[in-house]
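S.K.: just to be clear, the model below is a prediction. Sequence and coordinates:
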Amino acid sequence: MKIKAKSWISAAHFVQTTPDSICSGIHGHNWKIIVEIESPLLNGSGMVLDKHDIDNIIDQLDHKLIVPNNLIESQEDEYCNIINNDKEYRIPVSDVISVPIEAVTSELVAQMIKAKLHEIVIPSTSKIKVTVEESRNLSATAE
């Protein structure tokens, strides 16, 4: 059995490139995320995976500044201090999601979502494919 679920989020990020790169500053996208899961078995509810479980993973990124763990310098009171290249940011904690990836690129976000789905999909032999599209011209797929 195979399912395909689509989600959309709006989120900001920056890429750790050279400081003069247009992508090194905070910018945002309306990201389209497509999850495909193929499993030989259905769960107790008769599904490969409930769409709600997929949304629980993806929705954490919605309307947030997505920041790699290693760029959060410190957290004081209700603020995160973030350093990227020669820029320092002080952003409210409620506006930031810290993620365990080296950089916030479509490629690594797709891999991260796929890894989180592997933790909840039964059985472990299921095939998972995640496509993250940050614009009409750029997408990345983790298989």
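M.R.: Yep, it's here. Everything numeric here is computed off the predicted structure, so don't read it as measured data.
S.K.: name the strands paired with the helix or strand of the chain with the lowest mean pLDDT and say parallel or antiparallel.
M.R.: The helix or strand of the chain with the poorest confidence is strand 72-76; it has a mean of 91 (mean pLDDT, DSSP states H and E). Strand 72-76 has its sheet partners listed here by DSSP bridges as strand 79-84 (antiparallel).
S.K.: could you list the buried residues of the strand it pairs with?
M.R.: Going by neighbour count (16 or more other CB atoms under 10 Å), the buried part of strand 79-84 is Tyr79, Cys80, Ile82, Asn84. To be clear about C-beta, it is placed using only N, CA and C from the backbone, and glycine gets the same treatment.
S.K.: so what pairs up with the last one in the strands?
M.R.: Legend: beta-bridge partners of Asn84 under DSSP bridges are Lys87.
S.K.: per-residue pLDDT, it?
M.R.: At Asn84, the model reports a pLDDT of 88.
S.K.: was I right about it contacting Cys23?
M.R.: No. Taking contacts as CB atoms under 8 Å, Asn84 lies outside contact range of Cys23: 10.7 Å.
S.K.: common neighbours of these two, please.
M.R.: Counting by CB atoms under 8 Å, 6 or more residues apart in numbering, the shared contacts of Asn84 and Cys23 are Phe14.
S.K.: just to revisit the earlier point, now render the buried residues of strand 79-84 as TSV, adding distance to Lys114.
M.R.: Converted to TSV, the buried residues of strand 79-84 look like this (distance: CB to CB, whole Å):
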residue	distance to Lys114
Tyr79	31
Cys80	26
Ile82	25
Asn84	25
